[in-house]
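> next come a sequence and a model predicted from it.
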Amino acid sequence: MSEKIKAAIIGPGNIGTDLLMKAMRSDTVQPVWMVGVDEDSPGLPRAREMGLKTTFHGVDGMLPTMKEDGVQICFDATSAYVHAHNSRKVNEQGAVMIDLTPAAIGPFCVPSVNLSSAVAKKAMNVNMVTCGGQATIPLVAAVSRVQKVSYGEIVATVSSRSAGPGTRKNIDEFTRTTARGIEIVGGADSGKAIIVINPAEPPLLMRDTIHCLTVDEPDQDAITRSIHDMIAQVQKYVPGYTLKNGPVFDGKRVSIYMEVEGLGDFLPKYAGNLDIMTAAGLRTAEMYAEEILAGNFVPGNR
Amino acid sequence: MELKGRKITVHDMCLRDGMHPKRHQISVEQMVTVAKAMDDAGVPLIEVTHGDGLGGASVNYGFPAASDEEYLSAVCKEMKSTRVSALLLPGIGTVDHLKMAVDCGISTIRVATHCTEADVSEQHLTMATSIKGLDTVGFLMMAHMIEPEELLVQLKLMEDFGANCVYITDSAGYMLPEDVTSRIALARAELKPETELGFHGHHNMAMGVANSIAAVAAGANRIDGSMAGLGAGAGNTPLEVFIAVCDRMGIETGVDTFKAMDIAEDLIVPMMDHMVRVDRDALTLGYAGVYSSFLLFAKRSAEKYNLSTRDILVELGRRRTVGGQEDMIEDLALDMARERGSSA
């Protein structure tokens, strides 16, 4: 077995557990710690059964031994409110923080678009934007790398069961953060994000619509090619990322209709919105791990 | 049913729901003209926003002729006694839009969610209640889709978040009077007595007025409608008709019946791009339980891909789509066109 970089997952809930199941299959990342704050969280014994050390004293419970346990990458799957605290503490111990919360204190990272530049900059904290951002920003970028996009708009429709209490309590965070990601990573001059929650049973797969308005007449062939290439890139870490219809060209409007089916590791398959976050987080960690293994990057040592 | 002497508040929707049949192209000048006529007629409350609420300006729902800020500031400053409301759908608009609307002079904010998803309104309702004197309303859309008991749980959430008024909204114009009665009566019995209760109807099954009267009889005290029914689908409850019926029944709205008729006939009807009425497609909305503002999107896709609007709407109903899913319509039309092509 080749050498792997050791990682800790903070937050033993649905996202953290799904991430753990994906990370157990990784060739370059090995989860060794699961960090919680609630003694009764079912995610902790589940992680122990998989061979991880656990604590219910939050990050402070892991800090004393995390260095000797070799932890160089941490994932935060808790909430925006405690993220900054968690990030500072693990950075002090020389570990990179991959932020799956909407805190967004570090640069945005969408693996198929800007992962290599985030890693090249050796950022100690990277943020995974939002689920809707991970599902749509690659396609805004696919259009904007062909020609200038004045406006990018996305509509993410998720099943009611896959929208957790954190998202519900602060839904504005989703629309704001995603809109910023459309601009910064997607390359649109201005961005807008809309989220719709649908309670239908059985739950619907995550759906995403991407509308771009180009400055000049869209080059249909080049844009179509670019979109198909980008979808293939995303499918490397989210196999269920599927073009349903489009691109539809209507004047300067380019519309793309997507569906995202998850792998169904811990989260159900319809929760493609959550799956794409954990998959993107892990993909990011693997890229860091490859750099660390190659000797190009020593976290905490700039 | 003794309704004589009951006092209710009517709320006109022409300048918000009416934006749907106008493809959001009502001009600021038209808004001011209509709003001043409402003020003169004694309409106590009018809504002014993009059809899909604050921040609705988008490819998905349509770009309006002017911004919410331009509409609201122009209308609010002209009102003598009429108060102005704005609508906000979490997931589309944010608390930043809410603050902007308050700065423009609204008296009422209405926060709307799908009938099962009231918890996404917490952030906005909580924020609204922190603004002194702001009339804060929770608005549950597509309320025909769940039973009265389930609806009550969601209404109570909005009440807990601080709404002083909650609405049962028949966005699809699907409900029949008994559906309204059962929902309103249970809510009235179980909510705090001081919480106001409203009903917002659509006229797709021509039940707007009957449903609104049923709502009043069951304990609602705020009723939405729009003059000449200018609104999504077959329109809202035609407000001038409702006011005339209230007048005959002795329900007190405070609105001058003849002036309401004149607004409908002289101002609103001439503004219409098409006659807002119960035509085949609008009736399909009500029959199949589909969000009323899908109508024009479905018509456009049907035309573009050579399909029947009714087929598209029926399928949208079968898939249990909810408000805001306008993007689903072209996607579905492309699927339907492909299926038909392969079977032909």
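Yep, it's here.
> show me where the chain has strands.
Picked chain A for this. Applying DSSP state E to chain A gives strands spanning A:5-10, A:29-35, A:53-55, A:71-76, A:96-99, A:125-127, A:149-159, A:188-198, A:206-214, A:241-250, A:253-260.
> could you do chain B instead?
Using DSSP E, strands in chain B cover B:9-12, B:45-47, B:83-88, B:108-114, B:135-141, B:165-169, B:196-200, B:222-225.
> now do the contacts for the closest residue to residue B:156 other than its chain neighbours.
In this structure, residue B:156 finds its nearest non-sequential neighbour in residue B:191, 6.9 Å apart by Cβ to Cβ, 6 or more residues apart in numbering or on different chains. In this view, the C-beta of every residue, glycine as well, is placed from N, C-alpha and C. For residue B:191, the contacting residues are B:152, B:155, B:156, B:159, B:166, B:197, by Cβ atoms under 8 Å, 6 or more residues apart in numbering or on different chains.
> what does the stretch 51-200 of chain B have sitting close to chain A?
Contact residues (Cβ under 8 Å from any Cβ of the partner chain) of the stretch 51-200 of chain B with chain A: B:58-60, B:90-92, B:94-96, B:114, B:116-117, B:119-120, B:122-124.
> which of those residues are buried? Put it as a ChimeraX command.
A single ChimeraX command selects the buried members of these (16 or more other Cβ atoms under 10 Å in any protein chain shown):
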select /B:58,59,60,90,91,92,94,95,114,116,117,119,120,122,123,124
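> quick check on the contacts of residue B:191: which are buried?
B:152, B:155, B:156, B:159, B:166, B:197.
> tell me where the model's unsure across chain B.
Filtered on pLDDT under 70, chain B yields the residue ranges B:1, B:342-344.
> thinking residue A:123 is in contact with residue A:105, fair?
No: in this structure residue A:123 lies outside contact range of residue A:105 using Cβ atoms under 8 Å: 10.6 Å.
> how far away is residue A:145 from residue A:259?
23 Å (Cβ to Cβ, to the nearest Å).
> quick one: contacts of the worst-scoring helix or strand of chain A on mean pLDDT?
Lowest by mean pLDDT, DSSP states H and E among the helices and strands of chain A is helix A:165-169, with a mean of 85. Applying Cβ under 8 Å, 6+ apart, the contact partners of helix A:165-169 are A:79, A:80, A:101, A:174, B:117, B:119, B:120, B:122, B:123.
> so which bits of that helix are buried?
Neighbour-count burial for helix A:165-169 flags A:166, A:167, A:168 (criterion: 16+ other Cβ under 10 Å).
> tabulate the residues you listed (TSV), appending distance to residue A:191.
Shown next, in TSV, are the buried residues of helix A:165-169 (distance: Cβ to Cβ, whole Å):
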residue	distance to residue A:191
A:166	22
A:167	19
A:168	22
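> grab the nearest non-local neighbour of residue A:42.
residue A:12 (7.9 Å).
> what's the neighbour count on the one you found?
26 (other Cβ atoms under 10 Å in any protein chain shown).
> residues in contact with it?
A:34, A:35, A:36, A:41, A:42, A:43, A:44, A:46, A:47, A:54.
> and which of those residues is nearest chain B?
Of all these, residue A:41 has the smallest distance to chain B: 21.9 Å, by Cβ to the nearest Cβ.
> pretty sure that closest one is touching residue A:11, no?
No: in this structure residue A:41 lies outside contact range of residue A:11 using Cβ under 8 Å: 9.3 Å.
> the two: who's more crowded?
For residue A:41 versus residue A:11, the count of surrounding residues by other Cβ under 10 Å is larger for residue A:11: 25 against 19.
> now the closest residue to the more buried one other than its chain neighbours: how far from residue A:88?
Spatially, and ignoring its direct neighbours in sequence, residue A:11 is nearest to residue A:77 (3.5 Å; Cβ to Cβ, 6+ apart). As judged by Cβ to Cβ, residue A:77 and residue A:88 stand 17 Å apart.
> neighbour count for those two, which is higher?
residue A:77 (27 against 14).
> does the more buried one touch residue A:8 like I think?
No: look at residue A:77 against residue A:8 with Cβ under 8 Å: they stay out of range, at 10.9 Å.
> report pLDDT for residue A:1.
Reported pLDDT at residue A:1 in the predicted model: 48.
> do a quick rundown of the helices in chain B.
Listed in chain order, the helices of chain B (DSSP state H) span B:28-41, B:68-76, B:95-104, B:122-129, B:148-160, B:177-190, B:208-218, B:239-249, B:257-262, B:269-271, B:280-288, B:294-304, B:309-318, B:327-343.
> same list (the ones you listed) but as CSV, adding distance to residue B:47.
Shown next, in CSV, are the helices of chain B (distance: least, Cβ to Cβ, whole Å):
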stretch, distance to residue B:47
helix B:28-41, 10
helix B:68-76, 10
helix B:95-104, 11
helix B:122-129, 15
helix B:148-160, 18
helix B:177-190, 20
helix B:208-218, 16
helix B:239-249, 12
helix B:257-262, 16
helix B:269-271, 16
helix B:280-288, 21
helix B:294-304, 19
helix B:309-318, 25
helix B:327-343, 24
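> please identify the most buried of the ones you listed.
Mean neighbour count (mean count of other Cβ atoms under 10 Å in any protein chain shown) peaks for helix B:208-218 among the helices of chain B, with a mean of 24.
> quick one on the thing from earlier: now list the buried members of the contacts of residue A:12.
Buried among the contacts of residue A:12 by 16+ other Cβ under 10 Å: A:34, A:35, A:36, A:41, A:43, A:44, A:46, A:47, A:54.
> how near is the last one to residue B:12?
Meaning residue A:54. Counting by Cβ to Cβ - residue A:54 and residue B:12 are separated by 59 Å.
> same question, the fourth one
Relative to residue B:12, residue A:41 is positioned 51 Å away (Cβ to Cβ).
> likewise for the fifth one?
When distances are taken as Cβ to Cβ, residue A:43 and residue B:12 turn out to be 52 Å apart.
> what sits against the closest residue to residue A:194 other than its chain neighbours?
Spatial nearest neighbour of residue A:194, chain neighbours left out: residue A:155 (4.6 Å); criterion: Cβ to Cβ, 6+ apart. The contact partners of residue A:155, by Cβ under 8 Å, 6+ apart, come to A:194, A:195, A:196, A:208, A:209, A:211, B:60, B:324, B:327.
> now with 10 Å?
A:132, A:136, A:192-196, A:207-211, A:257, B:58-61, B:91-92, B:324-328 (Cβ atoms under 10 Å, 6 or more residues apart in numbering or on different chains).
> tell me the confidence at the closest residue to residue A:34 other than its chain neighbours?
Take residue A:34 and drop its neighbours on the chain: the residue closest to it by Cβ to Cβ, 6+ apart is residue A:47, 3.5 Å away. pLDDT, residue A:47: 96.
> quick check: residue A:47 touching residue A:13?
No: the pair residue A:47 / residue A:13 is not scored as a contact, 11.5 Å apart, by Cβ atoms under 10 Å.
> which neighbours do the two share?
A:36, A:41.
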